[in-house]
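A.B. asks: dropping the sequence and predicted coords here.
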Amino acid sequence: MDLAPAHDRTLQTDRTLQTDPDRAHWTVGGISNGATCALQTVARTPDAYGSVLVFSGELHPDLGGEEKTVAEGFGGDQAAFEANDPLSLFAAAERGEGPGAGGAYRGLGGIASVGEDDSYVGPPVPQALAEAAGRAGLEMQVRTYPGGHTWSVWSRALADQLPWAAERMGLR
């Protein structure tokens, strides 16, 4: 896996598509496990995107508990798990370590959202993500919507959050 900062990589899209070279105008997002992956991407490579949308994301990468996740997802390597866990990366940034060291998360913004009745993730999760991100310098809002871990929540959240993302991407 290539862990070089985004500015050190030449992306195929940059060569073949008309993309904005200013990564601050780029946003990444995801739903549920994909939201966790989007936050992992921002936490690991703070210069790759300017914003992140986390729809019902988990506190940590999770394949059914930390022990199982470390064993199956990271070949039993706890350090590899922590190098991909947003909360571990945010904590490292607070200590002046890792990809977020030196204030690398400053200027990044995000929204962590969840359904009020989400029994899979639950409303405390986005709050914990936002607090950890904030301590590391990434400004994260929390938004809740009526409903559970469902498409109806995520579609409302996306419609609500698109103007915010468009503003950050320089589209408005």
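C.D. replies: On my side now, so go ahead.
A.B. asks: OK, contacts around the residue most central in space within the chain?
C.D. replies: Nearest residue to the geometric centre of the chain (C-alpha atoms, centre = their mean): L39, 1.5 Å. Applying C-beta atoms under 8 Å, 6 or more residues apart in numbering, we find L39 in contact with 52, 54, 57, 86, 110, 129. C-beta here means a position set from N, CA and C on the backbone, and glycine is covered the same way.
A.B. asks: excluding chain neighbours, what is closest to the fourth one?
C.D. replies: I take that to be P86. A43 (4.1 Å; C-beta to C-beta, 6 or more residues apart in numbering).
A.B. asks: that neighbour reaches A91, doesn't it?
C.D. replies: No - counting by C-beta atoms under 8 Å, A43 stays clear of A91, with 10.4 Å between them.
A.B. asks: between those two, which is the more surrounded one?
C.D. replies: Set A43 next to A91 and count neighbours by other C-beta atoms under 10 Å: A43 wins out with 29 against 17.
A.B. asks: host element of that one?
C.D. replies: Assigned by DSSP states H and E, A43 falls within helix 33-44.
A.B. asks: any weak-confidence spans in this protein?
C.D. replies: 1-14 (pLDDT under 70).
A.B. asks: can you give me the helices for it?
C.D. replies: Per DSSP state H, the chain carries helices over the ranges 12-16, 33-44, 66-68, 78-82, 86-94, 124-136, 151-168.
A.B. asks: thanks a lot, catch you later.
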